Structures are given as C-alpha cells and as structure tokens.
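# model this:
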Amino acid sequence: MIAPELPFFVYGTLRPGEVNHDLLLRGRTRSEVPARLTGAVLYDGPGYPYAVEEPGGTVTGELVTALPGAYRALLAELDVLEEYRPGDPRNLYERVARDVLPLGAGAPVRAWVYVAAAEVAARLRTEGRLIAGGEWRGPGRVVG
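Here you go, the predicted model:
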C-alpha cells in the first residue's frame, strides 16, 4: 500500500535548528510552518522526545512539506530514522495521520506524525518524564 503524500509534523530533532533537520530536511522542503498537534503530550526520551496520544494535550512543532519529487525518498528516510516499519511490533514509533493546526493559518491540515508505539506509550505514562507545555525546545524542555 502506498502512503498518501501528506506533510510531516515534526516536534523534536527534525525541527529547524536541530541536528536531524540539518541532516534530512535542509534543502528538501517547500515549507516549514509553526504548528500544533492536539490530542498528544510529549515525554522526554534519550536525546529526543516521544509524542504520546492523550486527549487534552498539545504538542508544538512544525508542519513540513517536502519539495516536489523529494517526498518518497524523504518518507523512506524518516521511517528509517524513526525505526518505523509498518506492522512491526518492535516499533518505537508509529507513523499516523493526524490533523495539525498551522499557527495563524486557520484550517487543520492532515499530516504524518511519528507517535510513541503502544508499548512505549504505556511505559512512558507510568515511568516517563512529561515535558511541560508540549514544547521540546526552550523553557519547557526536560533535559538529563
């Protein structure tokens, strides 16, 4: 099954100014717009965050649209980075389509989001460190 060509919502190391943005996204995107994902919260991971689906939560990030012709390769590379394989029970993340709200733009946009896989999410809910305010960078970021 071929995935629809949706933009990506990024909230951690793929955001502008972060290491994986420079490695994978720089020069391959048509647009990068500040946005929010509702219905999820952030937990601190080892060097990167996990979005965990949870009603009432909000995660801050960017809505990234690939350049024409770059989408398929970019999707494959992001799946590798996130160690996502469709249907694999060992996934740390699942790639899901969710509505994301671009800041100041009005209408929600359907986008791919890498969220914590069910087993990881359950562990984070009991043992994880919640990132206050859903913002991985800046004052809300939990480090260490």
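# all strands of this protein, in order?
In chain order, the chain shows strands spanning 8-10, 29-44, 49-66, 93-102, 109-116, with DSSP state E as the criterion.
# what's the closest of these to residue 131?
Each of the strands of the chain was checked against residue 131 via Cβ to Cβ, and the shortest separation belongs to strand 29-44, namely 4.0 Å. C-betas here are computed from N, CA, C, even on glycine.
# which residues belonging to the closest one are considered buried?
When neighbours are counted by 16 or more other Cβ atoms under 10 Å, the buried residues of strand 29-44 are found to be 29, 32, 33, 35, 36, 37, 40, 41, 42, 43, 44.
# that strand to strand 49-66, inter-axis angle?
180 degrees (axes from the mean of the first three to the mean of the last three Cα atoms, to 10 degrees).
# how distant is strand 29-44 from the center of its chain?
6 Å (Cα atoms, centre = their mean, to the nearest Å).
# before we move on, what about stretch 64-72?
Averaging C-alpha coordinates over stretch 64-72 and over its chain gives two centres that are 16 Å apart (Cα atoms, centre = their mean).
# now swap in stretch 67-80 and tell me
Between the mean C-alpha point of stretch 67-80 and the mean C-alpha point of its chain there is a distance of 15 Å (Cα atoms, centre = their mean).
# what's the answer for stretch 61-68, then?
Shown here is stretch 61-68, whose average C-alpha point lies 11 Å from the average C-alpha point of the whole chain (Cα atoms, centre = their mean).
# and for stretch 36-47?
For stretch 36-47, the distance between its averaged C-alpha position and the chain's averaged C-alpha position is 8 Å (Cα atoms, centre = their mean).
# does residue 58 really touch residue 135, like I thought?
No - at 9.1 Å, residue 58 and residue 135 do not qualify as touching, with contact defined as Cβ atoms under 8 Å.
# re the thing from before, which one among the buried residues of strand 29-44 gets closest to residue 109?
Proximity of the buried residues of strand 29-44 to residue 109 (Cβ to Cβ) peaks at residue 35, which lies at 7.6 Å.
# many thanks, we can stop here.
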